[in-house]
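In: sequence and predicted structure below; questions after.
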Amino acid sequence: MRAMLLHGRHRNARTRHGQNICGLRGGASNMAVIHFSSRHYPRADRLEASSSAYAAMAQVELIPRDTAWFHLDARIRLLPGVSIARVRCSPMRVRRGPAQVADGNDDVVFLINTAPRDRWVSMLRQRGEFLCGLGEACVVARDIPGYIESRYRTHGLLSVSFSRASLTPLLREHAAEPGRRLPAGPSLSLLRNYALSMLAPKDIGEPDPVRSAAHLHDLATLVLGGQRDAQQRAMDRGLRAARLRAIKADLAAHARYGDLSLDWLAGRHGVSPSYVRVLFNCEGTSFTDYLLELRLQRVFAQLSNPRYARHSISTIVYDAGFNNLSWFYRAFKRRYGLTPGDVRER
């Protein structure tokens, strides 16, 4: 089953409004994030638009519980051998039946529940039904008919799909057996967070597609259980990359707090401060320099934005997490070759 996941098949779908796929923004050629939203359509046309565009590309059938309140929003990224989709939608059944399975795709798919309060039901033919709660996941195969269903609340799903040919050689025998339910845990959490960061990269940099795909394979290996060499490589490479990306995302979210410390950050991620230092050193920088760059970028962006024209420079600086104006001015001039006043006057 390929629950609500686009996997590299693009069609020049059109609706009865004569538009190209409305709400699909971005493209696969440059690995950009693709966005589809039914909210770009009138309410009466949302199911038809979603079926004609998104469901047709994803090779699934949408069966909503209430067509009047139907909505579907998806963000998708395609990487070499990996597809990622985050979907939020109204209660519905998303079915991959014999007609869809005929496309020949046999990907191994992690379906991870991201809904804050709802459990959803997953079913594979000859495997039966099982529930999946928040932070839990199930492993399904796209060449087996089945469905996933949310019955009561807004549905939240993260789908991470791997080419079977690229993933299964890394795994122990039967590790990717479809129908497995995966409990919430550290390795699954790292896979989830790393995949989500691929869909919202603006704060921590655009990912390298090949390296990111390799890291995701490593994390899937850690979750499912890998061959000895693959498991060790995943520990050395994928685990480190996932932790660094999670730490960078955390810094991007909290850089404006002046009391942010290395000890606090390490504690949040369950590692030692020295381990965090090593992660940044391997990137050719340091924790201190990376944090400084985030804060300087925030100040520069606000000084360049007319919306902040009435904010004093000192207010912007302190709000970015700096607590020493003299030191900030020197760091800013060294970084940009301009004073904050120069940037504001441009």
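Out: Received it, and whenever you're ready, just let me know what you need.

In: excluding chain neighbours, give the residue nearest to Glu129 in space.
Out: In space, and not counting its chain neighbours, Glu129 is closest to Met123: 4.5 Å by CB to CB, 6 or more residues apart in numbering. The way it works is simple: take the backbone N, C-alpha and C, and place the C-beta from them, glycine included.

In: ok, the one you found to Pro91 distance?
Out: Going from Met123 to Pro91 by CB to CB, to the nearest Å gives 16 Å.

In: ok, now Val60?
Out: Taking CB to CB, one finds Val60 at 16 Å from Pro91.

In: neighbour-wise, which of these two wins?
Out: Set Val60 next to Pro91 and count neighbours by other CB atoms under 10 Å: Val60 wins out with 24 against 18.

In: so the more buried one sits against Gln100, correct?
Out: Yes - contact criterion CB atoms under 8 Å: Val60 and Gln100 qualify, at 6.1 Å.

In: quick one, what contacts the closest residue to Pro91 other than its chain neighbours?
Out: Setting aside the residues directly before and after it, Pro91 is nearest to Arg65 in space (CB to CB, 6+ apart), at 4.4 Å. The contact partners of Arg65, by CB atoms under 8 Å, 6 or more residues apart in numbering, come to 90-93, 151.

In: do you know the pLDDT at the nearest residue to Arg180 once chain neighbours are set aside?
Out: Excluding the flanking residues, the one nearest Arg180 by CB to CB, 6+ apart is Val139, at 4.3 Å. Per-residue confidence (pLDDT) for Val139: 91.

In: Gly27 now?
Out: Note for Gly27: predicted pLDDT of 45.

In: repeat that for Leu239.
Out: If you check Leu239, the pLDDT there is 87.

In: cool, and Leu6?
Out: 39.

In: got it, and the one 5 residues further on?
Out: Here, the pLDDT recorded for Arg11 equals 34.

In: and what of Leu296?
Out: Leu296 is assigned 96 on the pLDDT scale.

In: around it, count how many other residues there are.
Out: Counted with other CB under 10 Å, residues neighbouring Leu296 total 20.

In: that one and Tyr336, how far apart?
Out: From Leu296 across to Tyr336, the span is 8 Å (CB to CB).

In: what ranges do the strands span in the chain?
Out: 34-37, 61-64, 72-79, 82-89, 92-96, 108-113, 120-124, 128-132, 137-141, 146-150, 155-162, 180-182 (DSSP state E).

In: does Asn105 really touch Gln59, like I thought?
Out: Yes - Asn105 is within contact range of Gln59, at 7.3 Å (criterion: CB under 8 Å).

In: tell me, how many residues neighbour the residue nearest to Tyr54 when sequence neighbours are not counted?
Out: Nearest residue to Tyr54 in three dimensions, chain neighbours excluded: Phe36, at 4.9 Å (CB to CB, 6+ apart). Each residue near Phe36 was counted by other CB under 10 Å, and the total is 25.

In: please name the bridge partners of Phe36.
Out: Beta bridges link Phe36 to Ala74, judged by DSSP bridges.

In: who's in contact with Arg295?
Out: Each residue near Arg295 by CB under 8 Å, 6+ apart is listed here: 255-256, 320-322.

In: quick one, what contacts the residue nearest to Arg180?
Out: Contacts for Val139 (CB under 8 Å, 6+ apart) come out as 108-111, 176-180, 182, 224.

In: what's across from it in the sheet?
Out: Phe110, Arg180.

In: and the furthest pair within the contacts of Val139?
Out: Spanning the widest gap among these are Leu111 and Glu177, at 14.7 Å by CB to CB.

In: more neighbours: which of these two?
Out: Taking neighbours as other CB under 10 Å, Leu111 and Glu177 compare with Leu111 leading, 24 against 13.

In: return the distance of stretch 224-243 from the chain's centre.
Out: Mean-position distance between stretch 224-243 and its chain equals 20 Å (CA atoms, centre = their mean, to the nearest Å).

In: so for that stretch, what gets flagged as buried?
Out: For stretch 224-243, a neighbour-count test (16 or more other CB atoms under 10 Å) marks 224-227, 230-231, 233-234, 237-243 as buried.

In: list of residues touching it?
Out: With CB under 8 Å, 6+ apart as the test, stretch 224-243 has contacts from 139, 169-172, 175-176, 190-191, 193-194, 211, 214-219, 221-222, 269, 271, 279, 282.

In: where do the helices sit along the chain?
Out: Taking DSSP state H to define them, one finds helices in the chain at 46-50, 56-58, 98-101, 164-167, 186-199, 209-224, 228-233, 239-254, 262-268, 273-281, 287-303, 313-319, 325-336, 340-345.

In: can you redo the ones you listed as CSV with distance to Gly133?
Out: Formatted as CSV, the helices of the chain follow (distance: least, CB to CB, whole Å):
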stretch, distance to Gly133
helix 46-50, 26
helix 56-58, 24
helix 98-101, 26
helix 164-167, 25
helix 186-199, 12
helix 209-224, 17
helix 228-233, 27
helix 239-254, 22
helix 262-268, 23
helix 273-281, 31
helix 287-303, 34
helix 313-319, 39
helix 325-336, 46
helix 340-345, 49
